[in-house]
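**Student:** Compute the structure for the input listed below.
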Amino acid sequence: MNSNVVYSIVVPVFNEELVINETYKRLKYVMDSLNESYEIIFVNDGSKDKSGEILKNICNKDKNIKLISFSRNFGHQVAITAGIDYSSGSAVIIIDADLQDPPEIIPKMTEKWKEGYHVVYGKRIKRNGESFFKRFTAKAFYRILRMMTDINIPVDTGDFRLMDRKVCDALKSIPEKNRYVRGLVSWIGFKQTGVEFVREGRFAGETKYPLKKMLKFAFDGITSFSYKPLKLATYIGTIISVLSFFYLVVVIIEKLFTNFTVKGWTSIVALNLFFNGLMFIMIGIIGEYIGRIYDEAKGRPLYIVDEKEGF
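**Tutor:** Numbers count the residues shown, from 1 in each chain. Sure thing, here's the model as predicted:
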């Protein structure tokens, strides 16, 4: 580890050829203005476009730039983890390459770090350039996650944050495969605070987080920090059993003491379909937890590095 580096900037990259030069330009301007030593670590997460070539060219021109290239796409959270693993700064700042999180906020984060905070996260007070669906689902997810966990994970925050070296070292000791980094940082603890900012639209290109990835990310966040979905099966099963018992008593009384007979196979089939669907949902939730246990048990490394530049 190079102890002279004050700041390590970790930038995960996946198919960002249209924006990467602008990202480098703005990051360099901000970091130069701090007048302290720094390194920018780009993690090429198996890009299929020209992101890797562009980053190599930047790396060859600027000694502050380092590049890690994966053998394939391992995912955003794993790319962040790799950047932290190879960082050497006293503080590590994570920022996406798409420029939705403005690099110009970094000096505010470093000020808070110098005041004694170990984690300074970016808190989004407004999200520009995103659809109503994305804004609504993101807002709902953060609040559901907070409701379902005992860990205080700040709402409306992403991975854009500054972390002290001691936080990064603690994070490196956690070997989880299905990682939800912002949750792990909250779980680690230490002195944390936020810096508010307006999240901008993408500088260029399309989002690399389609609905399928968003759902997987949401499941990782919930299953990593809560057992409440498993308890849900117990609660629903108990309620249905109690209601069914009372209904059975009513049916027996009607059969023995009245001439009334319950009719209608359609309603019975509908109820069967409803409860069968409910059971499959519960089995699916249990499967999500078992699948993650299986991932942990395999013991494979989080990522495979193809090549490194600048180290």
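**Student:** For beta bridges, what are the partners of Tyr7?
**Tutor:** Note on Tyr7: beta-bridge partners by DSSP bridges are Tyr38, Ala91.
**Student:** All the helices of the stretch 1-150 of the chain, residue numbers only.
**Tutor:** 20-33, 51-61, 76-86, 106-114, 132-148 (DSSP state H, counting those that start in this stretch).
**Student:** Could you give the separation of the longest one from the chain centroid?
**Tutor:** Average the C-alpha atoms of helix 132-148, do the same for its chain, and the two points are 13 Å apart (Cα atoms, centre = their mean, to the nearest Å).
**Student:** who's in contact with it?
**Tutor:** 127, 152-153, 155-157, 183, 214, 218, 221-222, 225-226, 228-229 (Cβ atoms under 8 Å, 6 or more residues apart in numbering). The way it works is simple: take the backbone N, C-alpha and C, and place the C-beta from them, glycine included.
**Student:** Redo the helices of the stretch 1-150 of the chain as TSV? Include mean neighbour count and distance to Ser173.
**Tutor:** Converted to TSV, the helices of the stretch 1-150 of the chain look like this (neighbours: other Cβ atoms under 10 Å; distance: least, Cβ to Cβ, whole Å):
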stretch	mean neighbour count	distance to Ser173
helix 20-33	18	28
helix 51-61	18	29
helix 76-86	21	11
helix 106-114	18	21
helix 132-148	14	23
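**Student:** ok so, going back, could you tell me which of the contacts of helix 132-148 count as buried?
**Tutor:** Neighbour counting by 16 or more other Cβ atoms under 10 Å classes Arg127, Ile153, Asp156, Thr157, Gly183, Ala218, Gly221, Ile222, Phe225, Ser226, Pro229 among the contacts of helix 132-148 as buried.
**Student:** related to what we said a few turns ago, nearest to Lys298, of the helices of the stretch 1-150 of the chain?
**Tutor:** Proximity to Lys298 (Cβ to Cβ) singles out helix 76-86 among these, at 14.7 Å.
**Student:** in the protein, what secondary structure element scores lowest on mean pLDDT?
**Tutor:** The helix or strand of the chain with the poorest confidence is helix 211-225; it has a mean of 73 (mean pLDDT, DSSP states H and E).
**Student:** Would you mind putting the helices of the stretch 1-150 of the chain into JSON lines with distance to Pro175 alongside?
**Tutor:** Converted to JSON lines, the helices of the stretch 1-150 of the chain look like this (distance: least, Cβ to Cβ, whole Å):
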{"stretch": "helix 20-33", "distance to Pro175": "30"}
{"stretch": "helix 51-61", "distance to Pro175": "28"}
{"stretch": "helix 76-86", "distance to Pro175": "10"}
{"stretch": "helix 106-114", "distance to Pro175": "27"}
{"stretch": "helix 132-148", "distance to Pro175": "22"}
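**Student:** any chance of these in CSV, with mean pLDDT too?
**Tutor:** Below are the helices of the stretch 1-150 of the chain laid out as CSV (pLDDT from 0 to 100):
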stretch, mean pLDDT
helix 20-33, 94
helix 51-61, 92
helix 76-86, 93
helix 106-114, 95
helix 132-148, 75
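**Student:** Quick one: closest of those to Arg179.
**Tutor:** That would be helix 76-86 among the helices of the stretch 1-150 of the chain, by Cβ to Cβ, at 4.4 Å.
**Student:** Quick one: the strands in the stretch 151-300 of the chain, in order.
**Tutor:** 157-164, 192-199 (DSSP state E, counting those that start in this stretch).
**Student:** Quick check: which of those is buried the most?
**Tutor:** strand 157-164 (a mean of 23; mean count of other Cβ atoms under 10 Å).
**Student:** List the contacts of Tyr86.
**Tutor:** Counting by Cβ under 8 Å, 6+ apart, Tyr86 has contacts Ile41, Lys66, Ile68, Lys308, Phe311.
**Student:** Please apply the same query to Ile188.
**Tutor:** So Ile188 contacts Val167, Ala170, Leu171, Ile174 (Cβ under 8 Å, 6+ apart).
**Student:** Try it again at 6 Å.
**Tutor:** Going by Cβ atoms under 6 Å, 6 or more residues apart in numbering, Ile188 touches Ala170.
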